[in-house]
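Participant: Fold the following, please.
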Amino acid sequence: MTAEVIRRWRTPLAAAAAVAATTALLALPTPGSGTPGPPDQADTLAGIWPQARTVDAAATLPDGTTYTPAAVLDPHHIVVQIADADPDTASLALLDPADPAHPLRLDTIPIAGGGSFDAVTVDGGHVYWMSSVADDQNRTRDTLHRADAAGHTTVLTSDTGDATFRGSSYDLQAADGRIWWTATRGSTVPTTDLRSVPAGGGTVDVRPVDGTYHLTHWPWAVDDGTGGRPVIQRNLVTGAQRTLDQPIGQDLDCGAVWCRHVVRTTQGTVVTLGRTDGTAQTARINTDGEVPLFTDVAIVDRFEFFTAPISTQAATASERLTLYDLTNARRVGLAVSTAEGLSGTWLWWATGDNETMTWHLLDLATLQ
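Facilitator: Numbers count the residues shown, from 1 in each chain. Model prediction:
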């Protein structure tokens, strides 16, 4: 589902080209200075943003079940996926951290056979989610739902097409009074169906677009340009397009405003960012051992997140979670975490394990 941490890296190009690109990237200046490379130290969240809005909640509910955040309607209505006591089902619910004994279940689905909650978004006091359930012929059926803060739910549509999900906060989004998603079309020519339905329900609109597009920050969609093709950005309102060539030896992922350049060699991973108009190229923003955490680039057009493994033991796997602020080239150490997620302006991570596991939620919009 949207909250899951998903790392997707395309196959690297020739090692010699990658090494040359790494050398060039390491020589780029940090914005506002002539010093190459990232800072050695990371500041702390509380020291820089004492006004940051945070929510802490035990990851185990009083009945012994556990959950994972999926989105945040408001600090008293956190959308969570509950691992039900019945191992064959999962539930989507609204949870008030002040009253964890009474989660308000919105939907329960069978997970045997591949059922899942694939994408969640919130807008205007409502929760929207896409769920997949196998039918009696073992075919996956997607359904789009809506619920309000009181738990009143409705099905918006089952006319979803072959919906696509990439672990992005933009997989399902609200804009211009409609809920939007993408679907693939079974044809020999790569074609994406841009689908939408009125937020209050109604007829699904289908707009075919040549290419393999996914949604980013509205109104932009991106064709990642795999197989050596350039990255293409398309404004879904005006029809304007941007074409971005993929540099040799780099993996390129773009959002609406920023692109992430990644070079991987046997010596490690080098990450830089640049605006889609070709300006504001940064120096290396990650340190040794760090890799980008999310598929989305430059969250709220400002933050990148990195993790670096600390412990890889199955029961206590942990990693160092760091924020990079593009507005001032500042690195901020957030936590030693065991899980992470993102939706909209909210970031969350877990600390501890088993009975001590706690979710920490941070509203990035409050980091002034």
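Participant: which residues touch the nearest residue to Thr140 once chain neighbours are set aside?
Facilitator: Once its chain neighbours are removed from consideration, Thr140 has its nearest residue in Ser132; the separation is 5.1 Å (Cβ to Cβ, 6 or more residues apart in numbering). Just so you know, the C-beta spots here come from the backbone N, C-alpha and C atoms, and that holds for glycine as well. Ser132 is in contact with 114-116, 118, 140-142, counting by Cβ atoms under 8 Å, 6 or more residues apart in numbering.
Participant: same thing with Ile82?
Facilitator: Taking Cβ under 8 Å, 6+ apart as the criterion, Ile82 is in contact with 61, 65-67, 90-93, 103, 105.
Participant: Just the buried residues out of those residues, in PyMOL syntax.
Facilitator: A single PyMOL command is used to select the members of these judged buried by 16 or more other Cβ atoms under 10 Å:
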select buried, resi 61+67+90+91+92+93+103
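Participant: Grab the nearest non-local neighbour of Thr60.
Facilitator: The nearest residue in space to Thr60 (Cβ to Cβ, 6+ apart) is Thr66, at 5.4 Å.
Participant: which residues touch the one you found?
Facilitator: 59-60, 82-83, 357.
Participant: Which of the residues you listed fall in strands?
Facilitator: Using DSSP state E, 82-83 are the members of these that sit in strands.
Participant: which one of the contacts of Thr66 is nearest Trp348?
Facilitator: Using Cβ to Cβ, the shortest approach to Trp348 within the contacts of Thr66 belongs to Ala59, at 10.4 Å.
Participant: looking at it, that closest one is touching Tyr67, isn't it?
Facilitator: Yes. With contact defined as Cβ atoms under 8 Å, Ala59 reaches Tyr67; the gap is 6.7 Å.
Participant: measure Thr279 to Cys259 for me?
Facilitator: Separation of Thr279 from Cys259 (Cβ to Cβ, to the nearest Å) stands at 11 Å.
Participant: Show me where this protein dips below the pLDDT cut-off.
Facilitator: Low-confidence segments of the chain, defined by pLDDT under 70, are located at 1-42, 187, 227, 312-316.
Participant: how about the helices in it?
Facilitator: With DSSP state H as the criterion, the chain has helices at 15-26, 45-48.
Participant: neighbouring contacts of the shortest one?
Facilitator: Applying Cβ under 8 Å, 6+ apart, the external contacts of helix 45-48 come out as 52, 323, 330, 332-334, 362.
Participant: again, 10 Å this time
Facilitator: Counting contacts by Cβ atoms under 10 Å, 6 or more residues apart in numbering, the residues outside helix 45-48 that touch it are 52, 54, 323, 325, 328, 330, 332-335, 360, 362, 367.
Participant: Now that helix - C-alpha only, PDB.
Facilitator: What follows is helix 45-48, C-alpha atoms only, in PDB (Å, rounded to 0.1, in the frame of the first residue of the first chain):
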ATOM      1  CA  LEU A  45      14.700  17.700  14.700                       C
ATOM      2  CA  ALA A  46      13.800  19.200  18.100                       C
ATOM      3  CA  GLY A  47      16.800  21.600  18.000                       C
ATOM      4  CA  ILE A  48      15.800  23.000  14.600                       C
END
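Participant: now that helix, how far from the chain's geometric center?
Facilitator: For helix 45-48, the distance between its averaged C-alpha position and the chain's averaged C-alpha position is 24 Å (Cα atoms, centre = their mean, to the nearest Å).
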